[in-house]
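Q: pasted the sequence and its predicted model underneath.
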Amino acid sequence: MTLTRMDQTAQRRLPQLPAIVETWRADGRPGRDDNTPGLILICEHASNALPLDWPELGGDLGISAATRASHAAWDIGALGLSRELAPRLAPQTGGALLIHAPLSRLVYDLNRPPDHAGAIPPRSEVHDIPGNTSLTLEQRLARLESVYLPFQASVSAEIARLVMRGKRPVIIAMHSFTPVFLGQRREVEFGILFDDDDDIAQHLMLASRGCGLVTRLNEPYTAQSSVAHTTRIHARPMRLHHTMLEIRNDLIADPAGQARIAGILAPLLRSAISEALGNEAPRL
Ligand SMILES: [Zn+2]
């Protein structure tokens, strides 16, 4: 039997796209020491890459270069900021991992559960996403299998390995937000979000007094919604300390801004992590 071209395309094996993992040792230098990392930064919206060779996963999504460059496609500056923060915090936590997404959140928003309408958004703020409209169940499942499930498996695996080694890694989800959303200007510069565990968040809020950034708890939006998906599925089940940080993206759009904000946030995070870990009850 001869396959038609369309059949061959339909039968092409889809890629598995796990998270990208970067590591820092306890001395703050790049590298991995499996025994010690006590901090995991997660950046689910790190990338604006599109699966251009994979129309089965949406290809270029039919979006413009402007949309692809905008906050709709990714968290501008969040990865660069995370790369500045990790080596600054690694000496305190015995090393650090940074786990980040390989593709744009417009392909699949890794911080949304599969039953959430925003997981594969047909529209984001003012941007229509043509490649996400009228998708069949099979097309949605393809993105789940290729993008969402491998990413979550990567995060679960990194956490499980550390927990089995006796570590209690602190989990920090790193995000950025746009200064203007649907025409509304946002004054907050640094948002600290918490869900049901506010330990790190409250310590961080206290430590941030006088830091020079307009800092708010649960702004520009509350974590008591679907935006806490990552920490809910990865930190809460093992009762790991966690929080979610949101930095206004005009502050971290370039490397100089990322280094400046990391310099402000690092001592606040060191203080909050130390307070939270100091209060940790022994596990039976
Ligand atoms: Zn984000």
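A: Noted; the coordinates are in hand. Numbering: from 1, shown residues only.
Q: buried residues of stretch 155-170, list them for me.
A: Of all the residues in stretch 155-170, those buried under the rule 16 or more other Cβ atoms under 10 Å are Val155, Glu158, Ile159, Leu162, Lys167, Pro169, Val170. (Each C-beta comes from the backbone N, C-alpha and C, glycine too.)
Q: so the second one is in which element?
A: Spelled out, it's Glu158. helix 149-164 (DSSP states H and E).
Q: please save the CA atoms from that helix in CSV.
A: In CSV, the C-alpha atoms belonging to helix 149-164 read as follows (Å, rounded to 0.1, in the frame of the first residue of the first chain):
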residue,chain,number,x,y,z
LEU,A,149,3.4,16.8,29.3
PRO,A,150,7.2,16.7,28.6
PHE,A,151,7.7,20.1,30.4
GLN,A,152,5.8,19.0,33.5
ALA,A,153,7.6,15.7,33.5
SER,A,154,11.0,17.6,33.5
VAL,A,155,9.9,19.7,36.5
SER,A,156,8.6,16.7,38.4
ALA,A,157,11.7,14.7,37.8
GLU,A,158,14.1,17.5,39.0
ILE,A,159,12.0,18.0,42.2
ALA,A,160,11.6,14.3,42.9
ARG,A,161,15.4,13.7,42.6
LEU,A,162,16.2,16.4,45.0
VAL,A,163,13.5,15.4,47.5
MET,A,164,14.7,11.8,47.5
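Q: note down every partner strand of whichever helix or strand comes after that helix and its orientation.
A: Next along the chain after helix 149-164, taking DSSP H and E as the criterion, comes strand 170-177. Sheet pairing here is set by DSSP bridges, and for strand 170-177 it gives strand 39-43 (parallel), strand 242-248 (parallel).
Q: would you mind listing what in this structure touches the ion?
A: Contact residues, the chain versus the ion (Cβ under 5 Å from the ion): His45, Asp75, His175.
Q: quick check: buried residues in the biggest helix by length in the chain?
A: With secondary structure taken from DSSP state H, the chain has its longest helix at helix 255-278. Using 16+ other Cβ under 10 Å as the test for burial, helix 255-278 gives 257-258, 261-262, 264-266, 268-273, 275-277.
Q: which other helices and strands contact that helix?
A: helix 78-93, strand 170-177, helix 199-207, strand 242-248 (3 or more Cβ pairs under 8 Å, 6 or more residues apart in numbering; DSSP states H and E).
Q: got any ranges where the stretch 101-250 of the chain has weak pLDDT?
A: Residues of the stretch 101-250 of the chain that meet the criterion pLDDT under 70 lie in 223-225.
Q: where does it get nearest to the ion, which residue?
A: His175 (3.3 Å; Cβ to the ion).
Q: ok, which stretches of the stretch 1-150 of the chain are helices?
A: Using DSSP state H, counting those that start in this stretch, the helices of the stretch 1-150 of the chain run over residues 5-11, 65-69, 78-93, 137-143, 149-164.
Q: need the winner for burial among those.
A: Per residue and on average, the most neighbours among those fall to helix 78-93, with a mean of 23 (mean count of other Cβ atoms under 10 Å).
Q: which residues touch that helix?
A: 22, 24-30, 37-39, 41, 43, 45-47, 96-98, 100, 169-170, 174-176, 247, 249, 252, 255, 258-259, 261-263, 265-266, 269-270, 273-274 (Cβ atoms under 8 Å, 6 or more residues apart in numbering).
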